[in-house]
Each structure stands twice: as C-alpha cells, then as structure tokens.
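Participant: Okay, predicted coordinates and the sequence, questions at the end:
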Amino acid sequence: MITRPTLHKATRILNRRAHSSVSADELSHFSSLASSWWDPMGPSRVLHLMNPLRHDFIASCLASGPPSTTNITSDNTSDKHDTNSNKNNKNTLRYLDVGCGGGIFAESLARTIPSTPNASATRTQAGSITAIDPTTALIQIARDHARTDPHVTSHVQTGKFTYRNCTLEDLIAEKQQQQGGDGEKFDVVTLFEVIEHVDTNASSSPLGFLTNCLRLLRPGGWLIGSTIARTFPSFLVNQVIAEAPWPVGVVPRGTHEWSKFVNPDELEGWAQEGLMRAADKGGVVAGAQALDGMRWVCEGVVYFPGFGWKLVPGSENWGNYFWAVRKGV
C-alpha cells in the first residue's frame, strides 16, 4: 500500500522532472559511466585532458573583464563577499559548476583554492565552488573521490567546495525563496560539455537552460562553457571517429547526438536573448539595455591524439569550441 507521504513525494519528483531540462536518456547514459569516471585512461579520458585548457580559457576571460565584487540583492543594497572581509584575499570568486558529472572539472578547480586567505592570486581566483548534477551515481562518485585529496577534503569540510545532487531548476527555485526572490548569485558559472545534452521538450530548451544560468550570475560575472558545432566536419570527428570502436574512438558510443550540437552564432543569439529574459522582472520586459556591457568570446579547440587539446582560433565550426558571455555590470 502506498502511503500519503510517499505519494506526495513521488508527485513532487514527477512534477520537478516535468519542468526540468534533464533528459532521462542522458541520465541513464552518464550513470553507466560512473564506475570509470575517474579512470584517466577510460571513457572520460578526453575530459581529464581538457582541464588545463579550461583553466587557461577561464583565466583569459577574467583578465579581459573581472567580475564585480559586489553582490546586488533584491532590495537594491550592496553586499560584499564574505571572503572580502580579509582585504589581502585575492581569491574571492564564487563558482557554480552546472552538470558537474563525477567532478572532473569541479575538483580541479577546488584544488586551485588556496588554504590561506593571503595567498597570491591564482589563475581562476576561485574562493569557493558549488557543483551540481542531477545524476545521483555521479555525485556519489564525485564526493567519494574528493575524499582522496586532503587539500580538497579540507575545502569540503569548510564549505568552500560543495557537491549537490540537484537540477538547475531546483537551484533556481531555492534561490527565488531567498532574500526576497533573488538570492545570492555567483561570479562565474561554468557549463562544460553540457548544453548539447539539454533536453528539448514543451517545458525546456537550451535557451531556457542558458537563461536560468544567467539568472544565477551577478552583474559583471561570466558564464563560461564548451560545446560542439553542428557541422559536417564535427559529425565526422565527434560521431563517426570519436565514437568508433576502440582503439580509434575516444568516447563511448551514444555520448553525442549530432542534432543537439550548437553552432557558435546560435549560441551567441541564445546568450543575448537569455540576458534579456534574465533581466525581465515584475512584468517589465527587458530590451537592448540588458545587453549593455555584454561581452562574447568564442575560440575553437581541437584534440590532437598524443598531444591533447589545443586552442585553434578560427576552428570554431570544425567541432569543439569554448565560449563565454559576460553579463553587463
């Protein structure tokens, strides 16, 4: 017999998934990779190899336009970062990693957080990171692996590094209940190899997903990610070759769906529309003013067997590329 509390819980889960960007097929696929997620020679090998370039790209974005260090709350008051209480602390940025999987990027970023507040500025200037993913098996893997590194473990214990098993929509709903509807926001939101896996249905879309990410970003902050262009060369590289049987292929078959790939111009258009939608409040529809101060960055990246990932400017339409949008101050 199903009890009323159990029935209510099941109903809440179904309702949440009905309004979620999470695809059941994607959850199943990535759950199957959980046991090999941290194998540097396994199916996620190319993600491990991409980490250094991810850090370089983030650093270049921050150098071209650092996020504001002031949090604007719903009552129009300014609220300095807690970590700024120590004026010598140069690493104060709050990161949110969306779709963190088993933590390959999130943990690498956590390692850059210094143990002492007066340390020299790091490339990422990270002061804390929250990493979220809807896949329970991967969050469990991520939390277990974090315990293998004492430096990372110390950040988990102090709350500077947090894993959460939730969807982006869950986090948005939680933030809306804080501080009169806005809640605390982040300096940098990362979205690596995620947008091409977002479910598209009557209640979700990549545009809606990006808009929600931008809603969690403070003025002057950066939304930074990577994805794959939907072109014939990318089809050959990322589906025919990359998903070929071993030893040719580098990712498991079924990892990618070519129709979900996103071209750079499409993504830039979504980013612009997302900024305007994110600025919509109280029945007021934002216009071009929401794009004031916006900055768009896009660079192609190519994987060379034996050498790893390299930035190749102008190769954005070949396949993989990094992208970033800075929210106006």
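Facilitator: In hand now; what should we look at? Numbers count the residues shown, from 1 in each chain.
Participant: Give the rounded mean pLDDT of stretch 184-196.
Facilitator: On average, the pLDDT along stretch 184-196 is 93.
Participant: Please read the previous query as pertaining to stretch 231-239.
Facilitator: 78.
Participant: Can you list the buried residues in it?
Facilitator: Thr231, Ser234, Phe235, Val237, Asn238, Gln239 (16 or more other Cβ atoms under 10 Å). All C-beta atoms are positioned from the backbone trio N, CA, C, and that covers glycine.
Participant: Please work out which residues outside the top helix by length along the chain touch it.
Facilitator: Taking DSSP state H as the criterion, the chain has its longest helix at helix 45-64. Around helix 45-64, the neighbours that count as contacts under Cβ atoms under 8 Å, 6 or more residues apart in numbering are 39-40, 93, 101, 104-105, 108-109, 112, 123-125, 188, 190, 192-193, 222, 224, 226, 250-251, 295, 297, 299, 301, 303, 308-311, 322, 324, 326.
Participant: Just the CA coordinates for that helix, please, in CSV.
Facilitator: Only the C-alpha atoms of helix 45-64 are listed here, as CSV (Å, rounded to 0.1, in the frame of the first residue of the first chain):
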residue,chain,number,x,y,z
ARG,A,45,39.9,10.5,-20.7
VAL,A,46,39.4,13.4,-23.1
LEU,A,47,37.6,15.4,-20.3
HIS,A,48,40.6,14.9,-18.0
LEU,A,49,42.9,16.1,-20.7
MET,A,50,40.7,19.2,-21.3
ASN,A,51,41.0,20.6,-17.8
PRO,A,52,44.3,22.6,-18.2
LEU,A,53,42.8,24.4,-21.3
ARG,A,54,39.6,25.1,-19.4
HIS,A,55,41.6,26.8,-16.7
ASP,A,56,43.5,28.8,-19.3
PHE,A,57,40.3,29.9,-21.0
ILE,A,58,38.7,31.0,-17.7
ALA,A,59,41.8,33.0,-16.8
SER,A,60,41.8,34.8,-20.2
CYS,A,61,38.1,35.7,-19.7
LEU,A,62,38.8,37.1,-16.1
ALA,A,63,41.8,39.0,-17.4
SER,A,64,39.6,40.7,-20.1
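Participant: just how off-centre is it within its chain?
Facilitator: 13 Å (Cα atoms, centre = their mean, to the nearest Å).
Participant: all strands for the stretch 101-250 of the chain, in order.
Facilitator: Ranges of strands within the stretch 101-250 of the chain are 126-132, 161-164, 186-192, 217-228, based on DSSP state E, counting those that start in this stretch.
Participant: The longest one pairs with which strands, parallel or anti?
Facilitator: Right, strand 217-228. When sheet partners are counted by DSSP bridges, strand 217-228 sits next to strand 186-192 (parallel), strand 320-326 (antiparallel).
Participant: okay, the ones you listed in TSV with distance to Asn263 next?
Facilitator: Shown next, in TSV, are the strands paired with strand 217-228 (distance: least, Cβ to Cβ, whole Å):
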stretch	distance to Asn263
strand 186-192	16
strand 320-326	10
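Participant: could you dump those strands to a markdown table with mean neighbour count and distance to Ala290?
Facilitator: A markdown table is the format used below for the strands paired with strand 217-228 (neighbours: other Cβ atoms under 10 Å; distance: least, Cβ to Cβ, whole Å):
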| stretch | mean neighbour count | distance to Ala290 |
| --- | --- | --- |
| strand 186-192 | 25 | 17 |
| strand 320-326 | 25 | 12 |
